[in-house]
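Student: need coordinates for the following:
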Amino acid sequence: MTTAISILVFFSVFAAIFFNLIERKIAVLSGAGALLLLGSISGTYTPLMALESVYFETLTLIFGMSIISSILARSGLFNHIAIRIASHSLGNGWWVLILFSLITYGLSLLINNLSAMVVILPITLSICLLIRINPIPVLIAEIIASNLGGASTMVGDFPNMIISSAGHLHFIDFISSMMVPCLILLAAMLLYFQWRQPIPCNRTSSIPTNEELSQLTDNTSDIDDYLKRLGLSLLLLTLIGFLLADSFAVRPAWIAFCTGIIGLILGRFKSDRLFSACGGSDILFFGALFIMVGALVATDVLSSIVWLIDSISAGNHSAQLVLLMWIAAITTIFLNAGPATAFFIPVAASLHGISPDPAIWWALSLGVLAGSSAALTGATAGSIAATQLDEFLHRHTDMHQFIPKGEALDFRSYLSWGLPIMGIFLALSTFYILIIAR
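Tutor: All right, here's what the predicted structure looks like:
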């Protein structure tokens, strides 16, 4: 009975989030409270067990990297870089898609991919209006590029932060194992976009200037030199620390925490912005999420998935990895990347225990990456892009004429792009996992 109720509560919470019935942080906190109360009454899940289920390393990484991302974003550096690249796009729609996919990927390597999207989106929409092209393919390419950039490093997105904590992995582990396949997937995505819907390259629109872009985005290209130097110094210090962490037997989370504290002290944050700058909402969300997943582990729900994977694969290790990757991808479409990763961490840990092989973590990361690229709800970047497009179209109604009739950035329309991309990603990732599996 407890098991059935736990499953019902878990999926009710994410159904409410999926249909936007309640804000996700409140939904997950409520779900965690309900499962903790249920576990305490039934004796299956105590407060101490809930505390032990939280990956505090992940929360510490979120804190430190959020501080650094916030300082760099406030410095105006990323905005300046994006505007300069946009002004050199030569009015070429295909060049815009490539350039902005690459810059989104690049930014997502080192800062949270959501922060990268917040910087890139308004400038993308502005340049699409100026050179008179349909922004939807460009936005979809950026969403997927942000997922790829985030999946390439330990700190680029929440799934990899969770995986690094659970697998006790270091920064260099992700660089050496994830960056090459993600770059191959990025190239495959761009080729697919060019094959499916080539964007006109012969527009006669004038090349957009920095001033035009600044006016449309309500931003300037001014840079706060103090925040730029502080942010870049902290980022460099953090990356050096990540690279040396293994040699000194220090977990990357401690390095991120220390640089985050320095940034918090020196970053000139206003008191009303501190909670957001520290990633407060994300820390509460993932803390509560870990408690919810811990409740499912305590009631032995996730062991059924391990048994299913092991039965279908007939104990073959490579087949286990591929099955985990594909199941995680399909689940991510509905749960979102972060929750799906947290959900499958105990499954991956069990399979890793059966056949010790770090490829289990790369299979999970690549599966979540594919699933988060398949649907608008698969990654939070998709929802942000859809919201910004709606707001931009409301302010600039003349852009409607460049969007083909019946085309929109909604769940159904995105699937027509995302599902084929997911198929391509899973096919290539399967080949990669079969190569590296021990």
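
Student: alpha carbons only for contacts and neighbour counts from here, please
Tutor: Will do.

Student: from the contact counts, what lies against the helix or strand that contains residue 338?
Tutor: Assessed by DSSP states H and E, residue 338 sits inside helix 337-354. Applying 3 or more Cα pairs under 8 Å, 6 or more residues apart in numbering; DSSP states H and E, we find helix 337-354 packed against helix 158-167, helix 280-298, helix 302-313, helix 317-335, helix 359-374.

Student: what is the orientation angle of that helix with helix 359-374?
Tutor: Inter-element angle recorded for helix 337-354 and helix 359-374: 160 degrees (by axes from the mean of the first three to the mean of the last three Cα atoms, to 10 degrees).

Student: so how far is helix 337-354 off the chain centroid?
Tutor: Mean-position distance between helix 337-354 and its chain equals 17 Å (Cα atoms, centre = their mean, to the nearest Å).

Student: alpha carbons only: can I get it in PDB?
Tutor: Listed next in PDB are the C-alpha coordinates belonging to helix 337-354 (Å, rounded to 0.1, in the frame of the first residue of the first chain):
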ATOM      1  CA  ALA A 337      16.200  16.400 -17.400                       C
ATOM      2  CA  GLY A 338      17.000  17.100 -13.700                       C
ATOM      3  CA  PRO A 339      14.200  15.000 -12.200                       C
ATOM      4  CA  ALA A 340      14.800  12.200 -14.700                       C
ATOM      5  CA  THR A 341      18.500  12.100 -13.700                       C
ATOM      6  CA  ALA A 342      17.700  12.000 -10.000                       C
ATOM      7  CA  PHE A 343      15.100   9.300 -10.700                       C
ATOM      8  CA  PHE A 344      17.600   7.000 -12.500                       C
ATOM      9  CA  ILE A 345      20.700   7.600 -10.300                       C
ATOM     10  CA  PRO A 346      19.800   4.700  -8.000                       C
ATOM     11  CA  VAL A 347      19.100   2.500 -11.000                       C
ATOM     12  CA  ALA A 348      22.500   3.400 -12.500                       C
ATOM     13  CA  ALA A 349      24.200   2.900  -9.200                       C
ATOM     14  CA  SER A 350      22.700  -0.600  -8.800                       C
ATOM     15  CA  LEU A 351      23.800  -1.500 -12.400                       C
ATOM     16  CA  HIS A 352      27.200   0.000 -11.700                       C
ATOM     17  CA  GLY A 353      27.500  -2.200  -8.700                       C
ATOM     18  CA  ILE A 354      26.700  -5.300 -10.700                       C
END
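
Student: before we move on, back to that, turn the helices and strands packed on helix 337-354 into CSV, columns for distance to residue 143, mean pLDDT and mean neighbour count.
Tutor: Formatted as CSV, the helices and strands packed on helix 337-354 follow (distance: least, Cα to Cα, whole Å; pLDDT from 0 to 100; neighbours: other Cα atoms under 10 Å):
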stretch, distance to residue 143, mean pLDDT, mean neighbour count
helix 158-167, 15, 93, 23
helix 280-298, 19, 91, 22
helix 302-313, 30, 88, 16
helix 317-335, 14, 93, 23
helix 359-374, 8, 96, 29
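
Student: now residue 162. Nearest residue, chain neighbours left out?
Tutor: residue 58 (5.4 Å; Cα to Cα, 6 or more residues apart in numbering).

Student: elements contacting the one helix or strand the one you found maps to?
Tutor: Element membership for residue 58, per DSSP H and E: helix 56-75. Secondary-structure packing of helix 56-75 (3+ Cα pairs under 8 Å, 6+ apart): helix 113-130, helix 158-167, helix 225-245, helix 252-266, helix 274-277, helix 280-298.

Student: will you turn those into a markdown table that also has distance to residue 80?
Tutor: Formatted as a markdown table, the helices and strands packed on helix 56-75 follow (distance: least, Cα to Cα, whole Å):
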| stretch | distance to residue 80 |
| --- | --- |
| helix 113-130 | 10 |
| helix 158-167 | 26 |
| helix 225-245 | 11 |
| helix 252-266 | 21 |
| helix 274-277 | 21 |
| helix 280-298 | 27 |
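
Student: of those helices, which is nearest residue 434?
Tutor: Closest approach to residue 434 among the helices and strands packed on helix 56-75 (Cα to Cα): helix 158-167, 19.9 Å.

Student: what is that closest one packed up against?
Tutor: Checking 3+ Cα pairs under 8 Å, 6+ apart, helix 158-167 ends up next to helix 56-75, helix 136-152, helix 337-354, helix 359-374.

Student: of those helices, which is nearest residue 230?
Tutor: Of all the helices and strands packed on helix 158-167, the one in closest proximity to residue 230, counting by Cα to Cα, is helix 56-75 (7.7 Å).

Student: tell me the angle of the closest one relative to helix 225-245?
Tutor: Calculated by the same axes, to 10 degrees, helix 56-75 forms an angle of 150 degrees with helix 225-245.
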